[in-house]
Every structure is written in C-alpha cells, then in structure tokens.
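**Q** I would like to see how this sequence folds:
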Amino acid sequence: MDNFVVVSGCSGGGKSTLLMELARRGYAVVDEPGRRVIDAERKSGGTALPWVDLAAFARRAMAMAIDDRAQSIKGEGWVFFDRGLIDAAAALQHATGEPALDALAHSHRYNRRVFLTPPWPEIYRKDADRQHDLDSAVAEYERLLDVYPSLGYDTIILPKVPVGQRAAFVLDMLAT
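**A** Here you go, the predicted structure:
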C-alpha cells in the first residue's frame with residue numbers, strides 16, 4: 001500500500017516520539033508491534049519476550065503487524081507504522097536463520113520510502129521494554145540498513161533535529 005509509511009531504525013532513536021507528533025497533527029499511526037507484544041506477554045505471564053525467546057517474540061510481532069496492515073487498509077491518507085512486519089521478520093531471521101524476509105520481497109508492501117532513525121546516543125535510554133544496550137541497538141539498525149534496500153525500499157535517514165522539524169521533514173519527503 002503506497003499510503004503505508006514505515007518509520008524504523010535504531011531503537012531509542014526517537015521513532016515513537018516522531019509518531020506521536022504525526023498523530024498530534026492528525027495522521028493515522030500504528031503503534032510498534034514489539035511493544036504491544038511485550039505488554040501482552042507481561043500481562044499474561046508469557047515468555048515471548050525479546051530477552052527470553054526472541055524467535056517467539058518476532059513471530060508474535062509478525063502476526064500482529066500483518067493484522068495491523070489489514071486493519072489499516074480501510075483508512076485514507078498516510079498511515080505511519082512504528083516499525084512493522086519487515087522489522088519483525090528481520091528479527092526472526094536474525095534469531096533463527098529462517099528466510100523470513102524472502103516472502104516479503106513482493107507481498108505486504110509499504111511505501112517505497114522508509115524513514116530510519118539513526119543511532120542517537122544523547123537520547124537513547126533503556127526502559128522496562130528496551131533492555132538491550134546501545135551497541136545492540138546499533139547492530140539492529142545496521143541490519144535494517146541492509147534489509148530494507150534489499151527488499152527494494154528507499155531508505156531515508158532522519159535528521160537529528162527536534163521532533164517538529166523531523167515531522168515536517170517526513171511530510172515534505174512524502175510530498176515529493
């Protein structure tokens with residue numbers, strides 16, 4: 001879907017803050033599947049957590065991302081996804097070696113432009129759901145820098161600027 005826009009990149013790089021700003025401006029936003037999986041697993045006492053069972057976590061995130069896409073088809077205008085199916089498939093492939101990304105090359109497409117938040121040590125913070133360190137976040141970012149172009153996406157690195165300017169940058173890039 002050409003109106004489905006992924007915001008991905010380095011964990012702790014400001015994705016969620018950017019998406020909150022886009023939502024404030026009236027755009028449809030889909031929350032990160034990974035955070036929702038973690039929340040559900042904590043509530044149910046489950047173990048599909050990235051620091052316990054990364055493969056199970058990634059599979060749950062993939063299923064949720066597919067459902068998110070199906071639910072978002074009804075919307076008009078830009079729909080911004082905080083990560084999504086490709087990020088989850090990349091995590092599964094990294095964890096297991098399964099060719100999870102192969103099936104995504106031609107199905108479940110997003111807008112060709114994918115926005116990536118670069119590593120930003122000055123704002124990176126661990127929290128209850130983000131238990132990995134910055135080095136692990138950077139390694140994931142570097143994998144995503146390879147994954148998206150390999151699937152035919154144009155990656156656009158977001159500038160390290162205040163959130164309002166970041167939102168304007170994204171919207172300006174989509175207008176061209």
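**Q** can you pull the contacts of Leu85?
**A** 62, 65-66, 69, 104, 108 (CB atoms under 8 Å, 6 or more residues apart in numbering). To be clear about C-beta, it is placed using only N, CA and C from the backbone, and glycine gets the same treatment.
**Q** which of those residues has the most neighbours?
**A** When neighbours are counted by other CB atoms under 10 Å, Ala65 leads these with 26 neighbours.
**Q** which element, helix or strand, includes that residue?
**A** helix 54-72 (DSSP states H and E).
**Q** got the contact list for that helix?
**A** With CB under 8 Å, 6+ apart, helix 54-72 has contacts from 1, 4, 28, 30, 33-34, 36-38, 40-41, 47-50, 79, 81, 83-85, 87-89, 91-92, 94-96, 100, 108.
**Q** how many neighbours does the nearest residue to Gly34 once chain neighbours are set aside have?
**A** Nearest non-adjacent residue to Gly34, counting by CB to CB, 6 or more residues apart in numbering: Ala61, 5.1 Å away. The tally of other residues near Ala61 (other CB under 10 Å) stands at 27.
**Q** extract the C-alpha trace of the helix or strand of the chain with the lowest mean pLDDT and format it as CSV.
**A** Within the chain, no helix or strand scores below helix 134-150, which has a mean of 88 by mean pLDDT, DSSP states H and E. Below are the C-alpha coordinates for helix 134-150, written out as CSV (Å, rounded to 0.1, in the frame of the first residue of the first chain):
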residue,chain,number,x,y,z
LEU,A,134,23.1,1.0,22.7
ASP,A,135,25.6,-1.4,20.9
SER,A,136,22.8,-3.9,20.4
ALA,A,137,20.5,-1.2,19.1
VAL,A,138,23.2,0.0,16.6
ALA,A,139,23.7,-3.6,15.4
GLU,A,140,20.0,-3.9,14.8
TYR,A,141,20.0,-0.6,12.9
GLU,A,142,22.8,-1.7,10.7
ARG,A,143,20.9,-4.9,9.8
LEU,A,144,17.9,-2.8,8.9
LEU,A,145,20.0,-0.5,6.8
ASP,A,146,20.8,-3.6,4.7
VAL,A,147,17.4,-5.3,4.9
TYR,A,148,15.1,-2.5,3.6
PRO,A,149,17.2,-1.8,0.4
SER,A,150,17.5,-5.5,-0.3
